[in-house]
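>>> Sharing a model prediction with you, sequence too.
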Amino acid sequence: MKALVYTGSKTMEFKTVDDPAPAAGEALIRVRASGICGSDMHAWAGHDERRPAPLVLGHEAAGEIVGFGGAVRRVTVNPLVTCGKCEACIAGRDNLCSSRQIISMPPREGAFAELLAMPEGNLVNVPDSVALESAALCEPLACGWHAVRLARTALGGDLAQVRCLVLGGGAIGLGAALAFRAQGGRQVTIVEPNSSRRNRIIETEDIKCLKQADEHEMPDLVIDAVGIAATRASASKLVQPGGLIMHIGLGAAEGGLDIRRMTLQEVTFIGTYTYTMNDFEATAEAIFTGKLGKLSWIEKRPLKSGAQAFDDISTGQCAAPKIILQPA
């Protein structure tokens, strides 16, 4: 098969690799759409020791399983493979599985390829009425869905009067804003410094999107979808006393939090990693029923041109919050 392979720092090659060999209980999927994630960008830049070259990246995927008799089953892929037996899995917190694996990280190759092997339990059927490039957004949008669900619980279960600020207008941040609305929130603002991306969000979604936050508003909930020192510092400064910071972004590991203010003002901080299978299925259903909008803010490109897509994202030349790569 053909695949886009990460071969070294800021280097991607489109080349022929071995087809995956599905294990027992796994399906072979012909990938039709796969999104570029911030973690893919982090690996491509040579900043993720968990993803050593050479490696097929990509974990936001949807495609088709061809069964006996030629029947086609359209699916979206939960890339997080868990054991189903540990304490976390039994408690419904499978994203915290002690032996979790995710495609695009050894030992599992990723989805920037023509074919992908995945356990059957990680697949959600996609209706014929839903485009597979929209279905591929289930993974990044599920991150925001999970974070908002945890925030809703921490804030007492009702988001109607909650003022929410999202830092970052990529797919994770935009997805969190859309999930906030879908789960009952009304007042949400995104901060996105890239003017092209900001305009794209304003044009495609009825969501307030600003270059920088209004320091006088003091939201009850701040969702950091970037995760670098600067955004953590902003979250610490802007959040309402007694408020909540949800931290999704994994941009950089250190710096930014104002621990003194968080302590004196009783600010709650919750780290949030990926999603549970229940979150993934709920996100898929929200996509299929239109609760997360038209999802028209993506940009589609051929997989063979993926190296250029990584370059364009890195240099800020891409207005779309998400680039979807298509093998064919």
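Arrived safely, thanks for sending.

>>> Mind listing what's buried along the top strand by length along the chain?
Assignment by DSSP state E gives strand 26-35 as the longest strand of the chain. For strand 26-35, the neighbour count (16 or more other Cβ atoms under 10 Å) marks 26, 27, 29, 30, 31, 32, 33, 34, 35 as buried. From N, CA and C alone the C-beta is placed, and that goes for glycine too.

>>> and it, what's its mean pLDDT?
Rounded to a whole number, the mean pLDDT of strand 26-35 is 97.

>>> now do stretch 204-224
94.

>>> Using PDB, write out every CA atom in that stretch.
Extracted in PDB, the C-alpha atoms of stretch 204-224 (Å, rounded to 0.1, in the frame of the first residue of the first chain):
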ATOM      1  CA  THR A 204     -18.700  28.900   8.800                       C
ATOM      2  CA  GLU A 205     -19.900  28.900  12.400                       C
ATOM      3  CA  ASP A 206     -22.100  31.200  14.400                       C
ATOM      4  CA  ILE A 207     -19.500  31.500  17.200                       C
ATOM      5  CA  LYS A 208     -17.800  34.600  18.400                       C
ATOM      6  CA  CYS A 209     -14.100  34.500  17.600                       C
ATOM      7  CA  LEU A 210     -11.600  37.200  18.600                       C
ATOM      8  CA  LYS A 211      -7.900  37.900  18.100                       C
ATOM      9  CA  GLN A 212      -7.400  38.300  21.900                       C
ATOM     10  CA  ALA A 213      -9.600  37.900  25.000                       C
ATOM     11  CA  ASP A 214     -11.400  40.700  26.700                       C
ATOM     12  CA  GLU A 215      -9.700  40.800  30.100                       C
ATOM     13  CA  HIS A 216     -12.800  42.300  31.700                       C
ATOM     14  CA  GLU A 217     -15.100  39.400  30.900                       C
ATOM     15  CA  MET A 218     -13.600  36.800  33.300                       C
ATOM     16  CA  PRO A 219     -15.300  33.600  32.100                       C
ATOM     17  CA  ASP A 220     -16.500  30.900  34.400                       C
ATOM     18  CA  LEU A 221     -14.900  28.200  32.200                       C
ATOM     19  CA  VAL A 222     -11.700  28.400  30.200                       C
ATOM     20  CA  ILE A 223     -10.800  25.600  27.900                       C
ATOM     21  CA  ASP A 224      -7.100  25.600  26.900                       C
END
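
>>> Going by contacts, tell me the helices and strands next to the longest strand of the chain.
Secondary-structure packing of strand 26-35 (3 or more Cβ pairs under 8 Å, 6 or more residues apart in numbering; DSSP states H and E): strand 60-66, strand 72-77, strand 115-119, helix 132-135, strand 322-326.
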